[in-house]
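no letters, just coordinates:
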């Protein structure tokens, strides 16, 4: 390419014939410049498009990771809640409590002539049922097994106090009074 001819080119004296001859003379150079500029433009466009897509994918991956972390935290919280709930003693009502005591009494040959709840106290998150009753057992061992069975129940029961009297020292019949309580959790 001859740059001297370009310096002689005067923009005030534009002649289309001169322009066409100049273009024909430098046709290969012009094509080469157009191809190089086009290639650079295309490469820049492709790189910019790639960078934009990469950033969008990066943002999506970050959002998905945050969602996955939130799901893991939620699952851990649910597992902790389920573990906590499984540790809570089973709930029972007054009628189930009376049945439970009666069944345990029969199991250990303890007679409970009158058994009824003495009162319910609302403690906010739970209720406390107080039960007082008199019972008789044939021997000390049956009485103690009965009391242990109540306290080792899967339900939240507690013997608050008990007292006993042996009727006839030779016969071995034991009369005892029990004050106990049970906890009823509110749903």
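Received it, and whenever you're ready, just let me know what you need. As the structure is a computational prediction, the values presented were derived from the model and not from experiment.

how about the strands in the protein?
Assigned by DSSP state E, the strands in the chain fall at 110-122, 126-137, 157-166, 174-185.

make CSV from these and add mean pLDDT and distance to residue 33 to it.
From N, CA and C alone the C-beta is placed, and that goes for glycine too. Output for the strands of the chain, formatted as CSV (pLDDT from 0 to 100; distance: least, C-beta to C-beta, whole Å):
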stretch, mean pLDDT, distance to residue 33
strand 110-122, 79, 92
strand 126-137, 85, 88
strand 157-166, 83, 96
strand 174-185, 84, 85
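
do you know which of those strands lies nearest residue 86?
Among those, the nearest to residue 86 by C-beta to C-beta is strand 174-185 (13.5 Å).

for the closest one, enumerate the helices and strands it packs against.
The contact analysis (3 or more C-beta pairs under 8 Å, 6 or more residues apart in numbering; DSSP states H and E) places strand 174-185 against strand 126-137, helix 140-151, strand 157-166.

I'd like these as JSON lines, with mean neighbour count and distance to residue 116 appended.
Output for these, formatted as JSON lines (neighbours: other C-beta atoms under 10 Å; distance: least, C-beta to C-beta, whole Å):
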{"stretch": "strand 126-137", "mean neighbour count": "18", "distance to residue 116": "8"}
{"stretch": "helix 140-151", "mean neighbour count": "17", "distance to residue 116": "16"}
{"stretch": "strand 157-166", "mean neighbour count": "13", "distance to residue 116": "16"}
